[in-house]
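Student: Sequence and predicted model, in that order:
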Amino acid sequence: MPPMHKQRIFVSVVGFSDVERHALNTVFRLSEDRDLAYAPWAPMLAPGADVPVAAAHVALVDGESAEAVLVHARELPQGQRLIWVGPDAPEQAWRVMQRPIQWSDVLTDLDAVYAARQVDSGLLDLDITSPSPLEGLDFDSPDLRKRALLVGLDVQEAMYLRSRLALSDVVEVDDTQDTDAALALIGRNRYCCGVFNLDDHQVDAWSLARLFRDRFPQAITIALSETAGPLGDWWNRRRIRRNTQRAGISALLARPLQPRELSQWMDLL
């Protein structure tokens, strides 16, 4: 079978210090090992492109640079997303972050750009730029029952969670081990709970959890990882807890699941 064509997102970088640009170039270089890669954009011909790319897919702008004022003044090319770092972000900014830059967050946002481009092309019915809050929705209505999404769980975990969700009157459960399928489900349904296995490297659980949180801000977003439990060393446990907090994930639970710890969140449904 011939190799699949690598998907590539081109990024126009405006401003930033030498140290920050070095970190960003490292992000680009490491992404070459993934099916979805990122590369710096240059006018006329972006590196690695088969044909000239007229405009970058993403503009990553240092809001404290002299060139930033030009971004305020001009209209973005059609389909381009603006990620702004620093103060005074313009209205057209798609994402805004502050220093110190968390490069893992930048990578997550670039992954989200790819998902957004799939939406623009009609491949997915998902609007990640305008989350739909669940506040005010009547889940007791027969037309809108409580629903949960399970991503990357093994068979035993999924069975246990289905049973536990049923105790909280969540009987509609979608279970998938595929990133694209999870994206499609997030775009098609409304959820009150999402559970993501961060240890399953066959799915992009971090990006999916972020997208789920953005689309359903009133839902409970739960991440699972062995690192969060006794099997994880102190440093990695601290790191993953910090990253889940920054990602806005409601809870980080250890694998294997502990009934008492899980119940604290299931009882909120």
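Tutor: Here it is on my side, so go on.

Student: confidence score at the residue nearest the centre of the chain?
Tutor: With distances taken as C-alpha atoms, centre = their mean, the chain has Ser207 as the residue nearest its mean C-alpha position (2.5 Å). At Ser207, the model reports a pLDDT of 87.

Student: In which helix or strand does it reside?
Tutor: helix 205-215 (DSSP states H and E).

Student: circling back: spell out which residues sit in contact with the residue nearest to the centre of the chain, please.
Tutor: Each residue near Ser207 by C-beta atoms under 8 Å, 6 or more residues apart in numbering is listed here: Thr108, Asp111, Ala112, Ala115, Thr179. Yep, even glycine has a C-beta here, placed from its N, CA and C like the rest.

Student: where does the stretch 151-269 of the chain dip in pLDDT?
Tutor: 231-232 (pLDDT under 70).

Student: For Arg147, list the residues it contacts.
Tutor: Residues near Arg147 by C-beta under 8 Å, 6+ apart: Val170, Glu172, Val173, Asp174, Asn189, Arg190, Tyr191, Cys192.

Student: The last one and Ile220 touch, don't they?
Tutor: Going back to what we said before, that points to Cys192. Yes. Assessed by C-beta atoms under 8 Å, Cys192 is found in contact with Ile220 at 7.0 Å.

Student: of these two, who's got more company?
Tutor: Remark: of Cys192 and Ile220, Cys192 carries more neighbours, 23 against 19, as counted by other C-beta atoms under 10 Å.

Student: ok, back up a step: roughly how far apart are the residue nearest to the centre of the chain and Gln218?
Tutor: Using C-beta to C-beta, to the nearest Å, we find Ser207 at a distance of 20 Å from Gln218.

Student: next one: Ala55
Tutor: Relative to Gln218, and taking C-beta to C-beta, Ala55 is found at 36 Å.

Student: coming back round to it: tabulate the contacts of Ser207 (JSON lines), appending secondary structure, neighbour count and distance to Ala89.
Tutor: As requested, these are exported to JSON lines (DSSP: H, G, I helix; E, B strand; the rest coil; neighbours: other C-beta atoms under 10 Å; distance: C-beta to C-beta, whole Å):
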{"residue": "Thr108", "secondary structure": "helix", "neighbour count": "20", "distance to Ala89": "18"}
{"residue": "Asp111", "secondary structure": "helix", "neighbour count": "22", "distance to Ala89": "21"}
{"residue": "Ala112", "secondary structure": "helix", "neighbour count": "20", "distance to Ala89": "17"}
{"residue": "Ala115", "secondary structure": "helix", "neighbour count": "23", "distance to Ala89": "21"}
{"residue": "Thr179", "secondary structure": "helix", "neighbour count": "20", "distance to Ala89": "29"}
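
Student: Now render those as a markdown table, adding distance to Ser31.
Tutor: What follows is the contacts of Ser207, written out as a markdown table (distance: C-beta to C-beta, whole Å):
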| residue | distance to Ser31 |
| --- | --- |
| Thr108 | 12 |
| Asp111 | 10 |
| Ala112 | 14 |
| Ala115 | 15 |
| Thr179 | 16 |
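
Student: What is the lowest-pLDDT residue among those residues?
Tutor: Ala115 (60).

Student: quick one: strands adjacent to the helix or strand containing Thr221?
Tutor: According to DSSP H and E, Thr221 maps onto strand 220-225. Strand pairing for strand 220-225, determined by DSSP bridges: strand 193-197 (parallel), strand 251-254 (parallel).
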